[in-house]
Each structure stands twice: as C-alpha cells, then as structure tokens.
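Asks: pasting the sequence and the predicted model now:
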2 protein chains.
Amino acid sequence: MSSTAEGVEVDFGDDGLVPAVAQDADTGEVLMLAYADEAALARTRETGRAHYYSRSRDELWEKGATSGHTQEVEEVRVDCDADALLYLVDQAGGACHTGFRSCFHRTVDGEEVGERVFDPDDVYE
Amino acid sequence: MSSTAEGVEVDFGDDGLVPAVAQDADTGEVLMLAYADEAALARTRETGRAHYYSRSRDELWEKGATSGHTQEVEEVRVDCDADALLYLVDQAGGACHTGFRSCFHRTVDGEEVGERVFDPDDVYE
C-alpha cells in the first residue's frame, strides 16, 4: 500500500503475478482479464501499450502483437490492496481471440450477449 | 468452455478460485476484484447478492454483510476461457473498505482519482 517516487508499490504475491483487468477507456466495457508480472507492468508503463504475462506460454506478452488488436493504455489503476490492476485502454479491433469485442461475451447461463467484431479465421493462421 | 443445462462450466482451477470483477451495472465503473469459489458463485446465483471467497479469512463472504454495502447482482458473465467472472451489480454505498466507491481509486503513479462516498470509521468498528 506504500507509495514511492515511482508510485504505488504493487504486491505481486507469491507467484509474481497480479490480475489485470482491461476496460475500454471510452465506453467502460470490461474487455478481458489477464495477469501481469513486474516486467509486464513496467513495459506497459514504458510503452503505453498493454503487456501481460501469459501463464500458458510462460512469457511476456504484448497484447495484439500477433493479431494487431493492440491496447493503447491511457491509465493504469491499482486497487486498495495493490494486488490487482485496471488498465484503461483504447482497444483496436476486439480483445477476445474468438472475435468478440470483449472476452466477457456470455452470461454464466450461456446466453450470448457480446458483440462479434472480427472473424478469428481472418486474424489467426 | 462447455455449456450444460446450468450454463457455462466455470474452470475453478487448481486452487478452486476464479477472479471475479464487480462492475457497476449502470455507470460501468469497475468497483473491485475479488475471488469466487464454486460455493460463492452458487450463492450469488441463488440469492442475487454478490458472494466471494475471502482468501485472508478463508471463508465464504457475502459482500456488505458487515458494512451494509451489498451488491445486488443483475447478471453474471464469464470470459472466453471460463476462468474469470464479471458481476454486474447495483452497489449500495461504496465497494471499498477505505470509503471509496471503487477499490481502483488510485493510479499506479499514486494519484487519487476516485470518489470517497463514506467514512470507514462510521461503518466498521
């Protein structure tokens, strides 16, 4: 919870990761939830583009590096316990690899509520 | 990713928990991030009030049970990988125990950007 010259000291916990929520800076739509380690947060702040840590590929990951669906980061917020991040972003294309604008495109009941904005076959080979 | 008669099968992972983001259903403000286990999600769906799993207290936790700052849940969404939840809520009072409307009331640079809506000394003894 302490602040330094570099800002709030983020608590990356035992596994070195914090959840990072990306929210559309204009519309407020919650686009996705991924994880960030210290390097991903540092790269995000340095470059102004959203970086995460891919748990499946075990590596630093710049969102959109493959698909072109980058996220320009307007602001990074941190929660009260400093163990979760909120990226306010301008999303190019769609955040979800399935072609939806948001990864949260379904209710838990299975109802489709999201907007499909691209065809994944056109983006990923 | 599979769907059942009860809807999408959520992947609670090795530790039995998924991150759950609460978003104001009206304004779109991201209010908090906590964790839910299977029981917390079931109670949320049964009661229409947000439940989480408290990792620090190691127990099921109804948001606002102590403070009165409950969250009426309008909809529960699940992400593409079914390992994160989004609760769309009507938040009574403030979500944050520090008195702010949202737990994400600071930038990572330490700038205060949130709205304080109650005095925690009046709510928590």
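Replies: It's in.
Asks: what ranges do the helices span in chain A?
Replies: Shown for chain A, the helices assigned by DSSP state H span residues A:38-47, A:120-123.
Asks: with mean pLDDT added, can I get those in CSV?
Replies: Formatted as CSV, the helices of chain A follow (pLDDT from 0 to 100):
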stretch, mean pLDDT
helix A:38-47, 98
helix A:120-123, 89
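Asks: and these, which is most packed in?
Replies: helix A:38-47 (a mean of 17; mean count of other Cβ atoms under 10 Å in any protein chain shown). No exception for glycine: its C-beta is placed from N, CA and C like everyone else's.
Asks: ok, which residues in chain A are in contact with chain B?
Replies: For chain A, the residues in contact with chain B (Cβ under 8 Å from any Cβ of the partner chain) are A:3, A:6-8, A:10, A:19, A:21, A:23, A:27-30, A:32-33, A:41, A:45, A:75-81, A:84-86, A:96-98, A:100, A:103-110, A:113.
Asks: distance of A:Q23 from A:D122?
Replies: A:Q23 sits at a distance of 26 Å from A:D122 (criterion: Cβ to Cβ, to the nearest Å).
Asks: so what's the residue of chain A found nearest chain B closest to, chain neighbours aside?
Replies: Going by Cβ to the nearest Cβ, chain B is nearest to A:G28 of chain A, at 2.8 Å. Nearest residue to A:G28, sequence neighbours excluded (Cβ to Cβ, 6 or more residues apart in numbering or on different chains): B:G28, at 2.8 Å.
Asks: verify the stated contact: that neighbour with A:T27.
Replies: Yes: shown here, B:G28 and A:T27 form a contact pair, counting by Cβ atoms under 8 Å, at 7.2 Å.
Asks: and for the two, which residues touch both?
Replies: Counting by Cβ atoms under 8 Å, 6 or more residues apart in numbering or on different chains, B:G28 and A:T27 have no contacts in common.
Asks: if we can go back for a sec, I'd assumed B:T27 was in contact with the residue of chain A closest to chain B.
Replies: Yes: at 7.2 Å, A:G28 counts as touching B:T27 under the criterion of Cβ under 8 Å.
Asks: burial count for A:G7?
Replies: 16 (other Cβ atoms under 10 Å in any protein chain shown).
Asks: please read the previous query as pertaining to A:S56.
Replies: Around A:S56 there are 7 residues (other Cβ under 10 Å).
Asks: for A:G13, what are its contacts?
Replies: Contacts of A:G13 (Cβ under 8 Å, 6+ apart): A:D83.
Asks: out of the helices of chain A, which comes closest to A:W61?
Replies: helix A:38-47 (7.4 Å; Cβ to Cβ).
Asks: point out the other helices and strands that that closest one packs with.
Replies: Applying 3 or more Cβ pairs under 8 Å, 6 or more residues apart in numbering or on different chains; DSSP states H and E, we find helix A:38-47 packed against strand A:51-54, strand A:59-62, strand A:71-78.
Asks: with just CA atoms, put that helix into CSV.
Replies: Taking Å, rounded to 0.1, in the frame of the first residue of the first chain, the C-alpha atoms of helix A:38-47 are listed here in CSV:
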residue,chain,number,x,y,z
GLU,A,38,6.5,-6.8,-12.7
ALA,A,39,8.1,-6.8,-16.2
ALA,A,40,4.7,-6.7,-17.9
LEU,A,41,3.6,-3.7,-15.8
ALA,A,42,6.9,-1.9,-16.4
ARG,A,43,6.7,-2.5,-20.2
THR,A,44,3.1,-1.3,-20.2
ARG,A,45,4.1,1.9,-18.4
GLU,A,46,7.2,2.4,-20.6
THR,A,47,5.5,1.8,-24.0
